[in-house]
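[1] Based on what follows, work out the 3D shape:
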Amino acid sequence: MQHQNTIHEATAPVALYVAAVLGRRAEHRRGAADRVSAPLLGLLAGIAYDSDDACVAAHQRYFEEDFLEGYPPMAAVRALRPLLFQAVAPFLDDPDTAVAENALRAALAFAEHPDLAAHRDGLADRARRLLLLCDTRWRRWQALDALTAWGHDTTGLARPGDDDRNPYVTSSSWPRGDGDPDNPPF
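    The predicted structure is shown next:
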């Protein structure tokens, strides 16, 4: 199961359904995940990443009016972030690495919501741990971006190759091309 990098009308209801399934699994398995939980958490992590603050900021550059006002499906998903965070949080300490990493990927993006600011320090510790153990570049970018956005020091956590190549980070230029919105790299 994979999210296809598009937020559409069905995304918010699907995210709610997945959150409900994860809630039941966490309740009945007392936090222990199984082979079903990892892909469900991965789906929510993909949705979280494609609706995070950096994604919205990247899109906003091309709209004169408020991007979210013109994109109700994205606004609907972003409004659900506190509830979706509650669904992934029980899996953050799961002994299965894939489950814990997928839960963390989702939680990092969901925690951008102002109501979840109190959870950021705990997530920052997990993000640092991920940076010490994980070799997946885009997961590392996400952890570094979250730590930086939340004002945490990332000195010594970056590796060669972790440089800013993420087109969703507002401070970066396009990976190719001149950054001109009329001349995108694709």
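
[2] all contacts plus neighbour counts: C-alpha atoms, from now on.
    Noted.

[3] Against which helices or strands is the longest helix seen in the chain packed?
    Taking DSSP state H as the criterion, the chain has its longest helix at helix 11-29. On a contact count with 3 or more C-alpha pairs under 8 Å, 6 or more residues apart in numbering; DSSP states H and E, helix 11-29 meets helix 37-49, helix 72-79, helix 81-88.

[4] buried ones in it?
    For helix 11-29, the neighbour count (16 or more other C-alpha atoms under 10 Å) marks 11-12, 15-16, 18-19, 21-23, 25-26 as buried.

[5] Need the helices and strands packed on helix 11-29 in TSV (columns: mean pLDDT).
    Formatted as TSV, those follow (pLDDT from 0 to 100):
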stretch	mean pLDDT
helix 37-49	92
helix 72-79	94
helix 81-88	97
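
[6] These: which one's closest to Ala117?
    helix 81-88 (10.3 Å; C-alpha to C-alpha).

[7] how far off helix 37-49 does the closest one point, in degrees?
    Interaxial angle, helix 81-88 versus helix 37-49 (axes from the mean of the first three to the mean of the last three C-alpha atoms, to 10 degrees): 160 degrees.

[8] Which is the succeeding secondary structure element to helix 81-88?
    On the C-terminal side of helix 81-88, the nearest following helix or strand under DSSP states H and E is helix 97-110.
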